[in-house]
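1. Compute the structure for the input listed below.
(2 chains)
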Amino acid sequence: MTGISRAHLQIALERLAAAGASAHDELNAQDGKLGDGDLGITVARGWREAADGATELPDDVGMAFLACSKAFQRVSSSSFGTLIATGLMSAAKACKGRSDIPFSESSALLEGAIEAMLKRGKGALGDKTVIDMLEEIRLATAGKADPQEILTATDAAATKALERFRDQPSKLGRARMFGEKSIGLDDPGMLALRRMIDGLTGKMES
Amino acid sequence: MKKILNAPQDYVDEMLDGMCTAHPEFYAQPERRVIARSGGATQGKVGIVTGGGSGHLPIFTGYVGKGLLDAAAIGDVFASPSAEQMAGAMRHANGGAGILRLYGNYGGDVMNFDMAGETVELEDDIESTTVLLADDVVSAPPEEAEKRRGVAGMVYAFKTAGAKAEEMADLANVTRIAQKTADACRSIGMALTPCTVPQAGKPTFTLGEDEMEMGMGIHGEPGIWRDKLKPADAITGEMIERLLADMPLSSGDRVSILVNSLGATPDEELYIMYRHAKMQLEAAGASIVMPLVGRYATSMEMTGATITLCKLDDELEALLKAPADCAFWRV
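-> Predicted coordinates for the structure are as follows:
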């Protein structure tokens, strides 16, 4: 296997589900400061549902991503759940018909996901959302083909995005209503992605 | 809360069960929260699918029927169905000629329906298009008309697009008719008393005993003004004036008008409103074609009414008058 395959997704889903469960309370609490406090539920339920279907994932990586997207569609109609489902759907389209996706395509897959998520959420880069962190990761992983290097760069980019946006105000969604109060607080969606990456890094073999 | 129900969480599913068993000649529920024509999809015909929250009967599920819709996805009261349910509705409406998604402009519904469209395109190779109803003139100014909410104008779009699809027109043509109808519709509402969402248990808003609110949305969204209740002619007069300010009519124009109860307002009062509306439209030089008076798009037990005008040309008029059949409307 030279790239992203069904087997990789299965391992990743188990780790993401575990990360979602362990971050459940923290994410609910962070979301409660700026939103309705259900982000931990969304993240934990979505990845758990996707991981529960992992053994039945098809070899076609595109259709496997689609199955993950549908898992989020089923259990979470919140805006964050819909955004994750949208990103996964974008990856599904890009990978349809292939069972082995070169790691070097990671950045391009993110680019497609970012574009689709911005369109669906009617947002822009710089709004202080999870998409800003994805953009940081996209830039950091461009041109990279080695999975370990990609994970290391992803990890560093996530930290960088959190730091860069911490002292900016939120400009989208319910957090926007809090304006100045959101300054100094990590965006709950970014924190959720940070925890997902924590679940993946250091452990995922290529 | 004073409602005839068993448990709030069973409200929607028991309602759908009852509807399908009362009218098996029209409705079937092939999967949970998806209502389709009892005969299934028509091969070779464009399928028309809608969806949205419960609590608006006959909208959405009630208008599944010949010459109207093929399937509807239905959510909890006033809540969007899931993308998965919408995808299910699209599959059950699929006759191999593509699907039109035709529904009201609400954020959650749009997100989920777009996602459902992508899902069935990937999984089932179903081609689909979207037309959104955004007919509530109070919900955004004309320069931001695309942000308006969709209300009773949907009924006209269901009817004309449904008739066009029944002629076995292709997806592009059915979509064109739906968009043309959406563009020709303007609506406005007013409310006297609120409704209560079963799972919330509390009224959606409060209004003084002697007060009304002009322009209020069907889910209790804020309107233009709130004041003492006015006589029927004054209320109707202002509603028609506001519609005409948004969509001027001139001598010789033909319109259909829908005077719609939000649920608790009786037909008697709707006819009192219609009488005045007709005089006013004719004074503007317009003639009325096929007036509709009754419950078409409700908000459970809300007291109040909406008025919709749909400006017609020969094509839309013929489609509006074409045969259609469901448990709530026969043409």
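2. right, and residue B:126 touches residue B:116 too?
-> No: using C-beta atoms under 8 Å, residue B:126 is not in contact with residue B:116; the gap is 10.1 Å. Bear in mind the C-beta positions are built from the backbone N, C-alpha and C, glycine included.
3. Look at those two and report which has more neighbours.
-> residue B:116 (28 against 20; other C-beta atoms under 10 Å in any protein chain shown).
4. shared neighbours of residue B:126 and residue B:116, anything?
-> By C-beta atoms under 8 Å, 6 or more residues apart in numbering or on different chains, residue B:126 and residue B:116 have these common neighbours: residue B:90.
5. just the strands in the stretch 51-200 of chain B please.
-> Ranges of strands in the stretch 51-200 of chain B, per DSSP state E, counting those that start in this stretch, are B:71-77, B:99-104, B:128-133, B:185-193.
6. among those strands, which is nearest chain A?
-> Chain A sits nearest to strand B:71-77 of all these, at 8.6 Å, using C-beta to the nearest C-beta.
7. what about that closest one, average pLDDT?
-> Strand B:71-77 shows a mean pLDDT of 95.
8. who does it pair up with?
-> Next to strand B:71-77 in the sheet, as set by DSSP bridges, lie strand B:34-37 (antiparallel), strand B:47-54 (parallel).
9. Select, out of the strands of the stretch 51-200 of chain B, the one closest to residue B:200.
-> Among the strands of the stretch 51-200 of chain B, the nearest to residue B:200 by C-beta to C-beta is strand B:71-77 (8.3 Å).
10. Please find the angle between the direction vectors of the closest one and strand B:99-104.
-> Interaxial angle, strand B:71-77 versus strand B:99-104 (axes from the mean of the first three to the mean of the last three C-alpha atoms, to 10 degrees): 30 degrees.
11. Now the top helix by length along chain A: buried residues?
-> Secondary structure of chain A per DSSP state H: the longest helix is helix A:6-34. Within helix A:6-34, the residues that qualify as buried by neighbour count (16 or more other C-beta atoms under 10 Å in any protein chain shown) are A:6, A:8-9, A:12-13, A:15-21, A:23-24, A:27-28, A:30-31, A:34.
12. That helix packs against which elements?
-> Judged by 3 or more C-beta pairs under 8 Å, 6 or more residues apart in numbering or on different chains; DSSP states H and E, helix A:6-34 is in contact with helix A:39-52, helix A:61-75, helix A:188-200.
13. what residues does chain A put near chain B?
-> A:62-63, A:66, A:69-70, A:73-74, A:77, A:79, A:82, A:85-86, A:89, A:92-93, A:96, A:120 (C-beta under 8 Å from any C-beta of the partner chain).
14. surely residue A:132 meets residue A:123?
-> No: using C-beta under 8 Å, residue A:132 is not in contact with residue A:123; the gap is 9.5 Å.
15. Comparing these two, which residue is more hemmed in?
-> Applying other C-beta under 10 Å to residue A:132 and residue A:123 shows that residue A:132 carries more neighbours, namely 24 against 19.
16. Could you verify that the more buried one is part of a strand?
-> No: assigned with DSSP: H, G, I helix; E, B strand; the rest coil, residue A:132 falls outside any strand and is helix.
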